[in-house]
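**Student:** Build me a structure from this.
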Amino acid sequence: MSLNNITSVLAPSHKQQLLQLAGDSIKKGLRGETFAIQATDYAEPLRVLRATFVTLQVDEKLRGCIGTLEACRTLVEDVVSNAYGAAFRDTRFPTLTWPEYERLDIHISLLSLPEPVQFSSEEDLLAQLRPQVDGLIIEEGFYRGTFLPSVWEQLPEPREFLRHLKHKAGLPPDYWSSRILVQRYTTESIP
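**Tutor:** Residues are numbered from 1 along each chain as shown. Have a look, this model is predicted:
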């Protein structure tokens, strides 16, 4: 079964279960406990190796986002770990509190396998970008950053999207080099 096609086999009940697991992981963290699961206790579609991001919002504002770009754990394990990380390990925010939890929206992004983008120049890359569709990974040396497709909502123009992504990766926004590597991926969002 292809990782790129696995989202099509997730039933609504599986998606709801993933949201519940993410919430349970955060609740345990708020109590100072660890949420341990056994992947074998879950349906086969939830046990496939899968990369995910968990994004938290409070009052429609970003409150945390942590994820993985490479599939290294089962889907359920990745969601549980990333939910905890988004609530308690995203260094851009203080740790989540109980009052915030009451107003929390949890969003899970299931990533396809990243695919390399071939381009001859920055203009060529910009022409290939698919707003609202592509998540991007940019790399040069030890500099690396990613934006999920949902970031297009805040940065709908490809040039600004790329400038902000370079900045996130630690590169100057106007930087360009023939050594830059770019990969694209898509996501399925839950809910």
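**Student:** can you tell me which residues contact Gln17?
**Tutor:** Shown in contact with Gln17 (C-beta atoms under 8 Å, 6 or more residues apart in numbering): Tyr42, Leu46. No exception for glycine: its C-beta is placed from N, CA and C like everyone else's.
**Student:** where's the longest helix along the chain relative to the chain centroid, distance-wise?
**Tutor:** The longest helix of the chain (DSSP state H) is helix 12-30. Centroid separation for helix 12-30 versus its chain: 16 Å, with C-alpha atoms, centre = their mean, to the nearest Å.
**Student:** any idea how far the residue lying farthest from the centre of the chain is from Ala127?
**Tutor:** The C-alpha centroid of the chain is most remote from Ser120, which lies 27.6 Å away (C-alpha atoms, centre = their mean). According to C-beta to C-beta, to the nearest Å, Ser120 and Ala127 sit 10 Å apart.
**Student:** Next: Glu160.
**Tutor:** For Glu160 relative to Ala127 (C-beta to C-beta), the value is 15 Å.
**Student:** same check, this time on Pro94
**Tutor:** 41 Å.
**Student:** Thr187 and Thr52, how far apart?
**Tutor:** 9 Å.
**Student:** joint contacts of those two?
**Tutor:** Common neighbours of Thr187 and Thr52 (C-beta under 8 Å, 6+ apart) are Ser109, Leu110, Leu111.
**Student:** Using JSON lines, lay out those together with neighbour count, pLDDT and distance to Glu33.
**Tutor:** As requested, the shared contacts of Thr187 and Thr52 are arranged in JSON lines below (neighbours: other C-beta atoms under 10 Å; pLDDT from 0 to 100; distance: C-beta to C-beta, whole Å):
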{"residue": "Ser109", "neighbour count": "22", "pLDDT": "96", "distance to Glu33": "26"}
{"residue": "Leu110", "neighbour count": "22", "pLDDT": "96", "distance to Glu33": "26"}
{"residue": "Leu111", "neighbour count": "26", "pLDDT": "96", "distance to Glu33": "28"}
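**Student:** what's the closest of the residues you listed to Val151?
**Tutor:** Ser109 (10.8 Å; C-beta to C-beta).
**Student:** phi, psi of the closest one?
**Tutor:** Phi and psi for Ser109, reported as degrees, to the nearest 10, are phi -110, psi 120.
**Student:** Quick check: phi and psi at the residue farthest from the centre of the chain.
**Tutor:** Torsion angles, degrees, to the nearest 10, at Ser120: phi -100, psi -20.
**Student:** okay, it: pLDDT?
**Tutor:** On pLDDT, Ser120 comes in at 96.
**Student:** let's have the chain start at 272 instead
**Tutor:** Sounds good: first residue 272 from here, last item Ser391.
**Student:** For it, give its distance to Ser448.
**Tutor:** Using C-beta to C-beta, Ser391 is found at 13 Å from Ser448.
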